[in-house]
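In: next comes the sequence, and after it the predicted model I'd like to discuss.
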Amino acid sequence: MRVLVGAFGHESNTFTPFLTTADDFFVRWGAETLQMPLRRSSFAGIVETLSRRGDIALVPSLTAWAMPGGVVARPAYEQFKAGILAAAQNVDGVCLALHGAMRAEGLDYCEDDLLADLRARVGQDVPITVALDMHANLIRNTMRYVDALVAYKTAPHDDAFETGQRAAQLLLQILTEGVRPCIGFAKIPFLLPGEMAQTSLDPMKSMMALVAEVERIPGVLSASLMNGHCWADVPDIGVSAVVVTDGDAALAQAQAERIAAEFWARRHEFAISAEAYDLEEAVETALAAAEPTVFLSDSGDNPGAGGSTDVPALLAALLERQVSSVLYAGMWDRDAVEACLAAGVGAEISLEIGGKLDVRHGRPLAVTGVVRSLFDGAAWRGGLRQAMGRTRIGPIAVLNVAGIDVVLSATRHSFEDPLQLRVLGLEPLDYRIVVLKRGYLTTEFARIAPRSILAFTPGCTNCRVERMEFRRVQRPMFPLD
Ligand SMILES: [Zn+2]
């Protein structure tokens, strides 16, 4: 049997003031996608599961994945969609890894559009299963085009690979065991920042226990609860529950509604699960902490959810207080990096950093500092989900501004692993305060952090969603109404 496999994913933030272009995607085409699947990705889980079978021939299409950011440029979206559709010929099944929260110019629900076209291409009889991120924003209509969906069960996401395996197993069950999947779907009108829904903490922890309980019901093939990606001003947004059963539509729908009802009943319990304060109080609390190092999340400008990565508000607050022994990682500012490169290591320079892209939430910050170090941008990239390897991330400069080491990057960069700092010669635990442009810490950072505080800061990923300007979302919407 021939099975089409591929991956296409992006978490698109409609508040981000720039488009995500084709160049922002890490792309592989055709057979190349099978030679080096990313180690812990859902696509790798799909490939690993299907290629172990002697009776399956993989039909590769493409893998295209980009860091969260602004909506995808329409030509880029169409180009990658076409890559998947072109490979959808004479196949017996399809298994894709998608994110679930991609928006393109003029298109609010990219996965719906992609899967509709894919269904039209392969016909009604070819099963399609999909692995999704937990921050997928599904719409009911999409259920018409797919046979089964399964999403990550952890945030931070440590089970992408297993989710891919599960999506592939569901496809195999349909193809070889005569399973006839029915999908139950329920949506909850809730703009839920991921920072309120870490799966190791309640109430999300007990919600995921309920999901696991549903999965143990005889006849249930899988159950998923997706938080959605709340920084998108599209009409149909929110949290969704999906339950897949073998041939029992009523059971699937009843169990999806059961999960949704429980979620809705507990909606007021969803609060920032980390220790969290407004900007000023967060800084004061970090300064008063007894721990040798405190990690401070600049959560409003989190590249991991589409932040511009150039809002300097938290840096300005630290400079105002003349705090020293701070590592600030990092700021996306190509001009500033070029100025540091031109000045050279050891030079003192005055320049403006940040505040150039997200001009709504920040303005350039004038600083004088000493260029501490420069890097050519070839660095190790790793972590739970990505293959370890040398990758070019663009030049990086570390500028010491009054005792604060500011990491300036020429490309937009998301720090997800202490290794990314250590290769720059920066040991996070040597500092009193480590600022990361993140929401909750990744598992890799959480492992080493003596204490972690989330600061509500301005930017395109403000966790106080009621402070964002939503115009198009359907109302009523919790917690806006
Ligand atoms: Zn996610």
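Out: Everything's here; your move. The model shown is predicted, which means the values in this text are computed figures rather than measured ones.

In: which SSE is Tyr372 in?
Out: Just to correct that, residue 372 is Arg rather than Tyr. Using DSSP states H and E, Arg372 sits in strand 365-375.

In: now Arg447
Out: Here Arg447, judged by DSSP H and E, is contained in helix 443-448.

In: show me what that helix is packed up against.
Out: Secondary-structure packing of helix 443-448 (3 or more Cβ pairs under 8 Å, 6 or more residues apart in numbering; DSSP states H and E): helix 418-422. Glycine gets a C-beta too; all of them are placed from N, C-alpha and C.

In: what about the next helix or strand after the helix it packs on, distance to the chain center?
Out: Under the assignment DSSP H and E, the closest C-terminal helix or strand after helix 418-422 is strand 433-436. Distance of strand 433-436 from the chain centroid (Cα atoms, centre = their mean, to the nearest Å) equals 20 Å.

In: what's the following helix or strand after the helix or strand bottoming out on mean pLDDT in the chain?
Out: Lowest on mean pLDDT, DSSP states H and E among the helices and strands of the chain sits strand 389-392, with a mean of 53. For strand 389-392, the succeeding helix or strand toward the C-terminus, using DSSP H and E, is strand 396-401.

In: packing partners for that next one?
Out: Strand 396-401 sits against helix 334-343, strand 365-375, strand 404-409, with contacts defined as 3+ Cβ pairs under 8 Å, 6+ apart.

In: partners of the last one, with directions?
Out: Partners of strand 404-409 in the sheet, by DSSP bridges, are strand 326-332 (parallel), strand 396-401 (antiparallel).

In: what's around the closest residue to Asp246 other than its chain neighbours, how many residues?
Out: Closest residue in space to Asp246, ignoring its immediate chain neighbours: Val179 at 5.0 Å, by Cβ to Cβ, 6 or more residues apart in numbering. Applying other Cβ atoms under 10 Å, we find 19 residues neighbouring Val179.

In: so what's Val179 scoring on pLDDT?
Out: What the model reports as pLDDT for Val179 is 98.

In: tell me the contacts of it?
Out: The contact partners of Val179, by Cβ atoms under 8 Å, 6 or more residues apart in numbering, come to Leu170, Gln173, Leu221, Asp246, Gly247.

In: what's near enough to touch the residue in the chain that the ion sits nearest to?
Out: Using Cβ to the ion, the closest approach of the chain to the ion is made by His135 at 3.6 Å. Residues near His135 by Cβ under 8 Å, 6+ apart: Glu11, His99, Gly100, Ala101, Ala155, Gly194, Met226, Asn227, Gly228, His229.

In: same thing but 6 Å
Out: Ala101, Asn227, His229 (Cβ atoms under 6 Å, 6 or more residues apart in numbering).

In: near the ion, which residues of the stretch 1-150 of the chain are found?
Out: Counting by Cβ under 5 Å from the ion, the stretch 1-150 of the chain comes close to the ion at Asp133, His135.

In: and with 6 Å instead?
Out: The stretch 1-150 of the chain comes close to the ion at residues Asp133, Met134, His135, as judged by Cβ under 6 Å from the ion.

In: show me those residues that map onto helices.
Out: Applying DSSP state H to these, no entry is found in helices.

In: which ones among the residues you listed are found in strands?
Out: Judged by DSSP state E, strands contain none of these.

In: okay, these in TSV with pLDDT and distance to Thr63 next?
Out: Below are those laid out as TSV (pLDDT from 0 to 100; distance: Cβ to Cβ, whole Å):
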residue	pLDDT	distance to Thr63
Asp133	97	15
Met134	97	20
His135	97	19
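
In: out of everything not next to it in sequence, what's closest to Gly330?
Out: Excluding its sequence neighbours, the residue lying closest to Gly330 (Cβ to Cβ, 6+ apart) is Val407, at 3.4 Å.

In: what's the domain layout of the chain?
Out: The chain breaks down into these domains under automatic domain parsing: 2-269, 275-462.

In: what's the closest of those domains to Asp481?
Out: Closest of the domains of the chain to Asp481 is domain 2-269, at 8.8 Å (criterion: Cβ to Cβ).

In: tell me the mean pLDDT for stretch 402-422?
Out: Stretch 402-422 shows a mean pLDDT of 92.

In: how about Pro476, phi and psi?
Out: Per-residue torsions, Pro476: phi -70, psi 150 (degrees, to the nearest 10).

In: next, count neighbours for it.
Out: So Pro476, with other Cβ under 10 Å, has 8 neighbours.

In: could you number the chain from 291 rather than 1 from now on?
Out: Sure, I'll start counting at 291 from here, so that last one is Pro766.

In: chain neighbours aside, what residue packs nearest to it?
Out: With sequence-adjacent residues excluded and distances taken as Cβ to Cβ, 6+ apart, Pro766 is closest to Pro479, at 6.6 Å.
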